[in-house]
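[1] After the sequence you'll find the predicted model.
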Amino acid sequence: MTNDLPGVDSVVDDGVLRVTLNRPSKMNAVKTETLEAVSEAFEKHANDPAVRVAVLTGAGRAFCSGADIAGRDLTAPPTAETIDAANRVAAAIRAFPRPVVGAVNGAAAGVGVSLALACDLTVAKESGYFLLAFTRIGLMPDGGASALVAASIGRTRALKMALLAERLPAAEALASGLIAEVYPDDEFDASVEALVQRLADGPSPAFAATKNAINDATLTELDEAFARERSGQLELLAGPDFVEGVTAFQEKRPANFRR
């Protein structure tokens with residue numbers, strides 16, 4: 001069974017729900033409707049007895065390069081639509097009653113980090129990397145990233161990632177505890193499939209109980225993070241640093257933050 005959604009491909013195949021961000025020409029940068037489509041795929045199959053495991057990945061050379069700001073109209077008033085859609089994805093993956101594998105096949109930047117870390121087992125290609133790029137355009141992390149990253153690697157490393165907006169290569173992400181495993185690029189697809197099959201063959205009720213128990217113990221601030229990020233991000237979206245950050249991005253020059 002397949003279901004093609006805006007910028008998202010969704011298929012259930014032999015017990016596996018496969019959700020693929022499919023905007024490879026944009027390095028899978030997401031729009032509001034793309035995020036909503038991902039949520040719908042997970043919500044639709046949350047109670048599907050045929051699904052035993054899920055995989056979230058990207059088409060082409062990237063997992064997700066973040067929100068699509070290339071053509072953003074900076075004169076339009078800011079809205080919370082994309083923020084709410086990102087929060088909905090993280091919540092849907094968290095609530096999904098089966099293990100979810102985040103297969104990071106390349107760059108995971110901005111909200112792409114949130115999508116990857118909302119998954120239960122996040123694995124990456126050796127050439128992949130993680131980048132909280134929000135401050136480069138005068139924004140703060142959203143999509144639950146302030147809770148998801150800190151829960152994985154602690155306050156100090158989370159602040160370094162978020163404030164300095166530096167790439168974290170896959171090997172360093174593994175060493176820091178951000179992700180579960182790194183696979184050589186030429187072994188990535190096969191390794192992901194072996195992991196998915198292992199989960200599909202496992203005891204689904206035990207997996208669900210384990211997932212819920214560990215997430216409840218470690219993501220106690222997730223809902224509060226959604227609210228804090230939404231409030232803070234809306235304020236930043238209305239500020240001059242965001243205008244300068246996006247303008248600099250569109251003009252391919254360094255941003256000049258002076259506030």
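    Done, it's in.

[2] Assign a three-state SS to residue 57, would you?
    strand (DSSP: H, G, I helix; E, B strand; the rest coil).

[3] That one - how many residues pack around it?
    By other C-beta atoms under 10 Å, the residues close to residue 57 number 25. The way it works is simple: take the backbone N, C-alpha and C, and place the C-beta from them, glycine included.

[4] List the residues that contact it.
    Applying C-beta atoms under 8 Å, 6 or more residues apart in numbering to residue 57 gives the contacts 18, 19, 20, 21, 63, 102, 103, 104, 105, 192.

[5] Please, which helix or strand holds residue 229?
    helix 222-237 (DSSP states H and E).

[6] could I get that helix in CSV with only the CA atoms?
    Taking Å, rounded to 0.1, in the frame of the first residue of the first chain, the C-alpha atoms of helix 222-237 are listed here in CSV:
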residue,chain,number,x,y,z
LEU,A,222,9.0,17.8,25.5
ASP,A,223,5.5,19.3,25.7
GLU,A,224,6.9,22.3,27.6
ALA,A,225,9.7,22.6,25.0
PHE,A,226,7.1,22.8,22.2
ALA,A,227,5.4,25.7,24.0
ARG,A,228,8.6,27.5,24.9
GLU,A,229,10.0,27.1,21.4
ARG,A,230,6.7,28.3,19.8
SER,A,231,6.6,31.4,21.9
GLY,A,232,10.3,32.3,21.5
GLN,A,233,10.3,31.5,17.8
LEU,A,234,7.3,33.7,17.0
GLU,A,235,9.0,36.6,18.7
LEU,A,236,12.3,36.0,16.8
LEU,A,237,10.4,35.6,13.5
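
[7] now for it, which elements pack on it?
    helix 81-95, helix 145-164 (3 or more C-beta pairs under 8 Å, 6 or more residues apart in numbering; DSSP states H and E).

[8] Kindly provide the whole-number mean pLDDT of it.
    Mean per-residue pLDDT for helix 222-237: 97.

[9] Tell me which helix or strand residue 216 sits in.
    helix 204-218.

[10] scratch that, residue 79
    Following DSSP H and E, there is no helix or strand that holds residue 79.

[11] measure it to residue 230 for me?
    Noted for residue 79: a distance of 11 Å to residue 230, by C-beta to C-beta, to the nearest Å.

[12] Looking at those two, which is more packed in?
    For residue 79 versus residue 230, neighbours defined as other C-beta under 10 Å are more numerous around residue 230 (16 against 11).

[13] quick one: contacts for that one?
    Taking C-beta under 8 Å, 6+ apart as the test, what residue 230 contacts is 80, 83, 84, 87, 142.

[14] rerun at 10 Å
    80, 83, 84, 86, 87, 142 (C-beta atoms under 10 Å, 6 or more residues apart in numbering).

[15] could you dump those residues to a markdown table with neighbour count and pLDDT?
    As requested, these are exported to a markdown table (neighbours: other C-beta atoms under 10 Å; pLDDT from 0 to 100):
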| residue | neighbour count | pLDDT |
| --- | --- | --- |
| 80 | 15 | 96 |
| 83 | 24 | 97 |
| 84 | 15 | 98 |
| 86 | 30 | 98 |
| 87 | 25 | 98 |
| 142 | 28 | 97 |
